[in-house]
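> Prediction below, plus the sequence it came from.
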Amino acid sequence: MEVIILPDAGSIGRLAADAVVALLARKPTAVLGLATGSSPLVVYAELSRRYDAGEVTFSRSKGFLLDEYVGLPPEHPQRYRSVIRRELEDQVDFAPGAITGPDGLADDLPAVCADYERAIVDAGGVDLQLLGVGSDGHVAFNEPGSSLSSRTRIKTLTARTRSDNERFFEPPDEVPHHVLTQGLGTILEARHLVLVARGPGKAPAVQQLVEGPLSAICPASVLQLHPHATVLLDDEAASLLTLAGYYRETYAGKPDWQGL
Ligand code: GLP
């Protein structure tokens, strides 16, 4: 796992965008794994800027969402499919139909989950998966206690996650209780994982995911099993890391040609 501690959100967005732009330059048909929540927004904003500057095209690439709320109507602004449309798809040049998310409004949700797994495999698998982390260590919507080899399925949100996500919902709308999420086993099959975490509220989860034991109590600790995982942090999110000095020193001495 490569841990990179950066001074601000802009630097995190630029570095993650560099990895996406480099991937699309060498593989224009790359499959991107798209996360929601506030953490990846700096990455999407930077990708939109690079697209406007003519530095990247998404025209042959595909995208798969990590997760989705169950039961939010199509026009709901917090439906993750709407968030990705607003924050990325409408800003760049994906082909129509190139971005897919699990349908949280379908009658047969287990069938949707199985089809979603197949669609990812049929697309050739995810090349680069963007991730955030919840304050309780959840990744996508894999809450504590999730199987480390889980696949796309229905999950029930914890009270903590529902309360963390309340800021996105205008009363009387409530955070749904149920969601569809790629499993931890699904996420581990992506070729490169890039997790972004910022702010002091994420510091305990970041400490657990990077340096804690591999455990279902911190689902994001599953990144320790991945051969190519990059964790991008600001100083606050990194504040509880025992080896912060080592990560800083390693990154400062990293050759430019190496990339992420
Ligand atoms: C939600 C999403 C996760 C995200 C998490 C943290 O629960 N399903 O993918 O990582 O929120 O969100 P934020 O980045 O807003 O803190």
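Arrived safely, thanks for sending.
> who in the stretch 151-260 of the chain is up against the ligand?
Proximity of the stretch 151-260 of the chain to the ligand (C-beta under 6 Å from any ligand atom) is limited to residues 161, 165. Where C-beta positions appear, they are placed from N, C-alpha and C, glycine not excepted.
> any idea which helix is longest in the chain?
Secondary structure of the chain read by DSSP state H shows that its longest helix is helix 9-26.
> Please enumerate residues in contact with that helix?
The contact list for helix 9-26 (C-beta atoms under 8 Å, 6 or more residues apart in numbering) reads 4, 6, 30, 32, 40, 42-43, 45-47, 50, 55-58, 61, 127-128, 130, 192, 194, 196, 198, 230, 232-234, 259-260.
> after that helix comes which helix or strand?
Following helix 9-26 in sequence order, the next helix or strand is strand 31-34 (DSSP states H and E).
> The longest helix of the chain near the ligand at all?
No. Applying C-beta under 6 Å from any ligand atom, one finds helix 9-26 separated from the ligand by no less than 11.4 Å.
> Please state the offset of the host helix or strand of I4 from the chain centre?
Element membership of I4 [criterion: DSSP H and E] is strand 2-6. The chain centroid and the centroid of strand 2-6 are separated by 16 Å under C-alpha atoms, centre = their mean, to the nearest Å.
> ranges for the strands of the chain?
Assigned by DSSP state E, the strands in the chain fall at 2-6, 31-34, 62-65, 67-69, 99-100, 128-131, 153-156, 178-181, 192-197, 229-234.
> Give the pairing partners of the fourth one; include direction for each.
Paired with strand 67-69 in the same sheet, following DSSP bridges, are strand 178-181 (antiparallel).
> Which positions within the partner strand qualify as buried?
Residues 179-181 are the ones in strand 178-181 that count as buried (16 or more other C-beta atoms under 10 Å).
> Okay, helices next: where are they in the chain?
For the chain, the helices defined by DSSP H cover 9-26, 41-52, 80-87, 109-122, 159-165, 184-188, 203-211, 244-252.
> could those be laid out in TSV, adding mean neighbour count and mean pLDDT?
Converted to TSV, those look like this (neighbours: other C-beta atoms under 10 Å; pLDDT from 0 to 100):
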stretch	mean neighbour count	mean pLDDT
helix 9-26	18	98
helix 41-52	19	98
helix 80-87	20	97
helix 109-122	16	98
helix 159-165	15	95
helix 184-188	23	98
helix 203-211	22	98
helix 244-252	13	98
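> All set, thanks.
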